[in-house]
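Engineer: Would you be able to build a 3D model of this:
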Amino acid sequence: MLTDSVEEGSLPNRFRALWDEIAPVGRDEGSGGYLRYALTEPELRLREWFRGQADRRGMPVTEDGNGNLFARWGEPTAGDAVLTGSHFDSVPHGGAYDGPLGIVSAFLAVDELRAAGVAPARPVVVGAFVEEEGARFGVPCLGSRLLAGEITVDRAAGLRDAGGVSFAEALGARPAGARPELLGGFAAFVELHVEQGRAMVDADAPVGVASAIWPHGRWRFEFTGEGNHAGTTRMADRRDPMLTYAFTVLAANKEARLRGAHATVGRVAVEPNATNAIPSKVTGWLDARAAEPQTLTGLVDAVRAKAAERARRDGTEVALTEESATPLVAFDGGLAERLAALLDAPVLPTGAGHDAGVLAAHLPTAMLFVRNPTGVSHAPAESASDADCAAGVTALARVLEELTCR
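Structural biologist: Residues are numbered from 1 along each chain as shown. The predicted structure follows:
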């Protein structure tokens, strides 16, 4: 049994000491945010750190052939293991806590259980998933999707980053794809994550339990027109795709607000991208999310229709491609209620996607959230106090004890 003396001790200090080992890796001095793209030098350094932490604790590390790492505490061949962990990669100039907090907390939770003399009947496995954010190769939760067989090997292998490097090249081999024998060895997955919002600030709670993940996805709009000279082409003669793009961004904002949904266009590419040239092509990426699947479908359909209507008026063309889509994920109700009661924690939904959302279709899955006082995520202002992070470690340790010893 995990005791109060073990919980209270010097856990915030131990959290800070371990956190400081990774805090400088991939940090941009200009923005204060992180550039930890999947399988690039900063993320590879963190993967080596993962191996070092596992080795320090006598936890053998295996790879699944898809870029995901697993460190095991317990019998190597025993089934019904409880998986925990998260990811190391970041969005461009992202915050420090999104992803790595779940991995650092998992190793510390193992330390807490060992210090308390807990001998779990089932193994505990700490996982580090690759390309969760999709910031390098464009598909979020790529590692967990491959493991679960939710993306084909051919498609994943051929995904390319902005420099033309394929996922297979970055990985050093063709990905293995679905691993049912590995996934089938897990009895549950619990992912701890910093909260991406302010609900727990309002609830005055350091730790929460997730109820569901909103359905969400990414769509690529390609607007094409006629490139021309900015100084000599009459306004009436222009076929400017930037106008269609700009209208579409405003339409997405309006349609999302009308439906109580979320729509964001945070990435754009322009050709030829010259100040004195009318663009020939503009590509914009829409991130859309909603509480209900039908709301999300209605939102995307409405934006598509308005973009097409505007394109006709502008003399341009528009094409829409779905790059990724994740359905509504309702976490295992019995498990979420059980953990909320165990921790006396609030239960809340989230609009953010996670590896837990992918794996929830394959095994009982739950998420724990640690309070974020700023409410900011995917940006340098994302934060969590050492005391709240320690509370998250304690909560995760209790959950792992509950799931492996009962």
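Engineer: What does residue 240 show for phi and psi?
Structural biologist: The phi and psi values for residue 240, taken as degrees, to the nearest 10, are phi -100, psi 110.
Engineer: And for residue 284?
Structural biologist: phi -130, psi 150.
Engineer: so how far is residue 275 from it?
Structural biologist: 19 Å (CB to CB, to the nearest Å). Bear in mind the C-beta positions are built from the backbone N, C-alpha and C, glycine included.
Engineer: neighbour count winner among those two?
Structural biologist: Neighbours per residue (other CB atoms under 10 Å) separate residue 284 from residue 275, with residue 284 holding more: 23 against 5.
Engineer: Show me what that one is bridged to.
Structural biologist: Note on residue 284: beta-bridge partners residue 221, residue 268, judged by DSSP bridges.
Engineer: Check the burial of residue 253 by counting its neighbours.
Structural biologist: For residue 253, the neighbour count with other CB under 10 Å is 15.
Engineer: should've said residue 351
Structural biologist: Counted with other CB under 10 Å, residue 351 comes out at 16.
Engineer: hang on, it packs against residue 262?
Structural biologist: Yes: assessed by CB atoms under 8 Å, residue 351 is found in contact with residue 262 at 6.0 Å.
Engineer: any common contacting residues for those two?
Structural biologist: Counting by CB atoms under 8 Å, 6 or more residues apart in numbering, the shared contacts of residue 351 and residue 262 are 214, 289.
Engineer: Distance check, residue 130 against residue 116.
Structural biologist: Counting by CB to CB, the gap from residue 130 to residue 116 is 32 Å.
Engineer: More neighbours: the two, which one.
Structural biologist: Taking other CB under 10 Å, residue 130 and residue 116 do not tie; residue 130 has more neighbours (30 against 15).
Engineer: What residues does the more buried one make contact with?
Structural biologist: Counting by CB under 8 Å, 6+ apart, residue 130 makes contact with 38, 39, 66, 67, 68, 87, 89, 142, 143.
Engineer: can you do 10 Å?
Structural biologist: 38-39, 43, 47, 63-64, 66-69, 87-89, 136-137, 141-144, 146-147, 167, 170-171, 175, 355 (CB atoms under 10 Å, 6 or more residues apart in numbering).
Engineer: List phi and psi for it.
Structural biologist: Main-chain dihedrals, residue 130, degrees, to the nearest 10: phi -90, psi 150.
Engineer: okay, it: pLDDT?
Structural biologist: Predicted confidence (pLDDT) for residue 130: 98.
Engineer: which regions of this structure sit below the pLDDT cut-off?
Structural biologist: For the chain, applying pLDDT under 70 flags the ranges 1-9.
Engineer: Show me how it divides into domains.
Structural biologist: For the chain, automatic domain parsing gives the domain ranges 4-214+328-405, 216-326.
Engineer: most neighbours per residue, which of the ones you listed?
Structural biologist: domain 4-214+328-405 (a mean of 20; mean count of other CB atoms under 10 Å).
Engineer: most remote residue from the protein's center?
Structural biologist: Relative to the mean C-alpha coordinate of the chain, counting by CA atoms, centre = their mean, the farthest residue is residue 232 (46.4 Å).
Engineer: so which strand or helix has it?
Structural biologist: Assigned by DSSP states H and E, residue 232 falls within no helix or strand.
Engineer: Tell me which residues touch it, please.
Structural biologist: With contacts defined as CB under 10 Å, 6+ apart, residue 232 has no neighbours.
Engineer: Isn't residue 145 up against residue 156?
Structural biologist: Yes: here residue 145 reaches residue 156: they are 7.6 Å apart, a contact under CB atoms under 10 Å.
Engineer: any shared contact partners between the two?
Structural biologist: 66, 131, 139, 177.
Engineer: Of these, which is the nearest to residue 346?
Structural biologist: residue 131 (30.7 Å; CB to CB).
Engineer: Phi and psi next, for the closest one.
Structural biologist: Torsion angles, degrees, to the nearest 10, at residue 131: phi 50, psi 50.
Engineer: Distance of it relative to residue 82?
Structural biologist: Between residue 131 and residue 82 the computed distance is 24 Å (CB to CB).
Engineer: for residue 193, helix, strand, or coil?
Structural biologist: What DSSP: H, G, I helix; E, B strand; the rest coil gives for residue 193 is strand.
Engineer: For it, which residues are in contact?
Structural biologist: 86-87, 97-99, 101-102, 105, 210, 350, 352, 354-356, 367-370, 372, 377, 392.
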